[in-house]
Structure formats: structure tokens, C-alpha cells
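Undergrad: Let me see the structure of the following:
(one chain, ligands or ions: 1)
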Amino acid sequence: MGICYSKAAMSERIYLDNSATTQVDERVIEVMTPCFRQHYGNASSVHLFGQDARRVVDDARRGVAALLGADTRDVVFTSGGTESDNWSLWGAWRAAGGRPGAHFITTRIEHPAILTTCKAMEAAGAEITYVSADASGRVNPMAIEEAIRDTTLLISVMHANNETGVIQPIREIAEIARRRGVPLHADAVQSAGKIPVNVEELGVDMLSLSAHKFHGPKGIGILYIRKGTKLASYMTGGSQERKRRAGTENVPAMAGFGMAAILAAEHLTEMAERVGGLRDRMERHILAKIGGARINGSDETGARLPNISNVSFDRLEGEAAVIALDLENVAVSTGSACASGSLDPSHVLTAMGLRPEVVQGSLRFSLSRLTTESEIDRALEILEAVIERLRRLRRQG
Ligand code: PLP
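TA: Below you'll find the predicted structure:
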């Protein structure tokens, strides 16, 4: 295989794009490796090889359920956040007969896993209301309530936004949803492992999670489905996952996910205190040392994930800055990994009402529990120099 980045080169790089994905924790790799060498049975087989693999799956499910305060029977493994999001929407519609005119409520700031699915459902005859966010990046629960119709089958609102880190008022929305008899799905892909995510405290009926956002492997997630929630299967085939999600169990990935969830629970205080502290210090430094910078997303309420910072810089082209920083070994992004490369302006910042030039000049820095103080110091030095250089070139150009 032709991967040729030297270890030395990698170790000099500073990774501040943890909202796109994270480095897999060594302890996660340790529990995954024996699944390839020893526990390679099919978890649905009756023999000892199968029983062995089944034990791994059961342990993993317990680890993930504990992170969410959920009943293990309500936790269904999927191939990741995208599948879980797709399933919640299509599954709710199909469970209700899949009739045209069925109504769904979501927001303009969701991940494409929700928004693109909603567009596909609209093309298939569903009606979707897209609720906006205010200038601080927060969705108003009253706007959700006003959008509810007799035909509303599901409300889907993300727990925390992947571009700004702004935490949404899920508990308030859940109260409204329950009072009005409409189930609520929350995409908690970015919030899990960063802040407490407890399905009872949040009051959600469904919730999506993805392991690779908190030091687990890629290609594995779960959909939490509260008992009694009406949801048709999305993947049909064998009777895995208690007949709810067909497909041979991805035992190594499940094992890794279970361990990543246990570690995430152990590191929540560190995320809030050390990582949150680093992020705040980084923002203070940027605001003090780089002219024309502003932080996007609510901060007076403190309602942001501790690891994300979305900053707009005047007189800067965000995409050019990403490339210039990459050349200096600092990895950041302009928004979500799915949107970057498309050069489309961020739909999240646009929905917050930011002017196009402010949207274009935005960068997302996302930290993890592996981010160190010296990396932030070095990244800030490089950032200052890169922005100064790009602004100078712009003046001359
Ligand atoms: N939802 C949110 C909020 C995300 O940030 C992402 C990934 O970027 C996803 C869903 C998709 O998850 P996955 O990469 O596991 O498909």
C-alpha cells in the first residue's frame, strides 16, 4: 500500500479538525485487534466462535448504552451517523404508511445526512418544514412548536452543531414534542463524548451517534430507539439487531465503539475543563492579536461544545487560509468535512444570517482530548503569520 507519510512528518503536524474525525485511541485499537485474530466468528452463529463474537457485541452495546444512560435493548448498531439519521426519517415515514403529504420538521442548520435526506423525501412526496436558527446559532423551541401540524410524523433537531458547536435546546423541544404527541429525533454525533448526552434527561425518542467522532473507528454508529417508537426497518435482510437492522455484525468496529464510549465517559470532565479551557484561551488570543476576528455562535449563554471554535476573519478567504495553514502543517477546515471542497458557502452560518463575506472568511478549529497546549500555542503563531500574509497579498492583489 502506497502510504508514505513519514512518522516524523506526521508528528510535526497539528490536527485541529476533530469535528471531521478523530485519531483512534490506542486502547480502542487494542480491543479491536483480537476481533480480527480470535473473535472472528459470525455473532449470529450458534457455535462457540459465534458465541464468542456475540459476547463482544453484547459488551460493546453495554458500553454505548452506559454513555447514553439508555436501556441496551434500545441501542441498535448501524454503519454510522449518516445511516442512523437516514433511518430515523425514512423509518418514521414508512412506519406510518409512507403516504404523500406526511409532514416532518427539521432545521436549516442540520448536517447533510438530515438535510439531503429531507430533500429526497420531499421529492418522494413528504412535506418538510425547515426551521431557522437565530444569529447565535440557536433554534427557537417556539418556532418548532408553531410548525407542528396534525400530519407531523417526526421532529429532527441536532443536539450540537458540527460547524459552530452551538448546543440546541433539545430538552425544551422534547417537552413540546411530548405534549403534542410527536416523536423527536436528535443527531448527537458531535455532542457525544464532548458533553453529557443522556437520553432520559434529554427526553428524546431517537438519537444518532457515530464512533469516529470520539476516538473510535469509522463506519460504526448507533440509533437509539426508545421502546414504543414507531420505526420501520431501513436495512432489510437477516434478523440481526433483534430484527431491526439486517447485516452481519461488524464485530471489530462494535468492540472499538464500546471501548471508545467507555473512554468518552471517563474523559467528559477533561473535555469540559482542560479542552474547554484551551479552546477559550485560543479564542481570547485570536480576538486580542488578530484584528477583524469574531467568534460565530452563541457564547453569552455558554451553550457551545467545549472543543469547537468557528471564527470569521475580515478580509480573508477561508478556503485560501485552510490551504495556507495546511502547508504550514496545521489542519483546520472552513466548515463540515462534507461541505469543504465544494466551495459552497456554509449553510449553517448563512442560516444564522451572517453576511456572505463573513461566511467566506470563516474557519473552524476543533480540538480533542489529544490536543495539547503547545500545539495550540504553535498553531496560533502560525495562524497569525498566515492571516497577516494573506491579507497583505490581498491588499497588493
Ligand atoms: N451528523 C453530524 C452532526 C455530523 O457531524 C456527521 C459527520 O460529520 C454526521 C452526522 C455523519 O456521521 P458519519 O460520518 O458517521 O456518517
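Undergrad: What separation is there between the one residue in the stretch 1-150 of the chain that gets nearest to the ligand and A188?
TA: Nearest residue of the stretch 1-150 of the chain to the ligand: G81, at 2.5 Å (Cβ to the nearest ligand atom). C-beta coordinates here come from the backbone N, C-alpha and C atoms, glycine included. G81 sits 9 Å away from A188, going by Cβ to Cβ, to the nearest Å.
Undergrad: Return every residue with contacts to both of those two.
TA: By Cβ atoms under 8 Å, 6 or more residues apart in numbering, G81 and A188 have these common neighbours: 208-209.
Undergrad: which residues of the stretch 251-397 of the chain score low on pLDDT?
TA: Applying pLDDT under 70 to the stretch 251-397 of the chain flags residues 299-302, 335-343.
Undergrad: what does the chain have sitting close to the ligand?
TA: 80-82, 85, 111, 113, 158, 162, 187, 189-190, 210, 221, 336-337 (Cβ under 6 Å from any ligand atom).
Undergrad: try it again with 8 Å
TA: Counting by Cβ under 8 Å from any ligand atom, the residues of the chain close to the ligand are 19-21, 79-85, 110-111, 113-114, 158, 160-162, 187, 189-190, 208, 210-213, 218-219, 221, 336-338.
Undergrad: May I see the ChimeraX selection of the buried members of those?
TA: Paste this into ChimeraX to select the buried members of those, with burial taken from 16 or more other Cβ atoms under 10 Å:
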select :19,20,21,79,80,81,82,83,84,85,110,111,113,114,158,160,161,162,187,189,190,208,210,211,212,213,218,221,336
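Undergrad: L305: neighbouring residues, count only.
TA: 28 (other Cβ atoms under 10 Å).
Undergrad: can you give me how far stretch 88-102 is from the chain middle?
TA: 24 Å (Cα atoms, centre = their mean, to the nearest Å).
Undergrad: got the end-to-end distance for that stretch?
TA: 14 Å (Cα to Cα, to the nearest Å).
Undergrad: Mean confidence (pLDDT) on it, please.
TA: Averaging pLDDT along stretch 88-102 gives 97.
Undergrad: Show me which positions of it end up buried.
TA: Buried-residue list, stretch 88-102, by 16+ other Cβ under 10 Å: 88-94, 102.
Undergrad: how about the residues you listed, which pair is most distant?
TA: S88 and A102 (13.9 Å; Cβ to Cβ).
Undergrad: Mind giving me the packing neighbours of the longest helix that the chain contains?
TA: Identified as the longest helix of the chain according to DSSP state H is helix 373-396. Applying 3 or more Cβ pairs under 8 Å, 6 or more residues apart in numbering; DSSP states H and E, we find helix 373-396 packed against strand 14-15, helix 276-289, helix 318-327, strand 330-331.
Undergrad: and for the second one, what are the contacting residues?
TA: Which is helix 276-289. Contacts of helix 276-289 (Cβ under 8 Å, 6+ apart): 293-295, 306-309, 311, 365, 367, 371, 373, 376, 379-380, 383-384.
Undergrad: can you check the third one too?
TA: Under the criterion Cβ under 8 Å, 6+ apart, residues 313, 331-334, 340, 343, 360-363, 382-383, 386-387, 389-390 lie in contact with helix 318-327.
Undergrad: Recalculate using a threshold of 10 Å.
TA: With contacts defined as Cβ atoms under 10 Å, 6 or more residues apart in numbering, helix 318-327 is touched by 13-14, 16-17, 311-313, 317, 330-335, 340-341, 343, 345-346, 359-365, 379, 382-383, 385-387, 389-390, 393-394.
Undergrad: Can you give me the buried ones in the strand or helix carrying E270?
TA: Using DSSP states H and E, the secondary-structure element containing E270 is helix 268-270. Neighbour counts over helix 268-270 (16+ other Cβ under 10 Å) mark L268 as buried.
Undergrad: for it, the distance to its chain's centre please.
TA: Its chain's C-alpha centre and that of helix 268-270 lie 18 Å apart, by Cα atoms, centre = their mean.
Undergrad: just stretch 13-21 next, same as before
TA: Distance of stretch 13-21 from the chain centroid (Cα atoms, centre = their mean) equals 13 Å.
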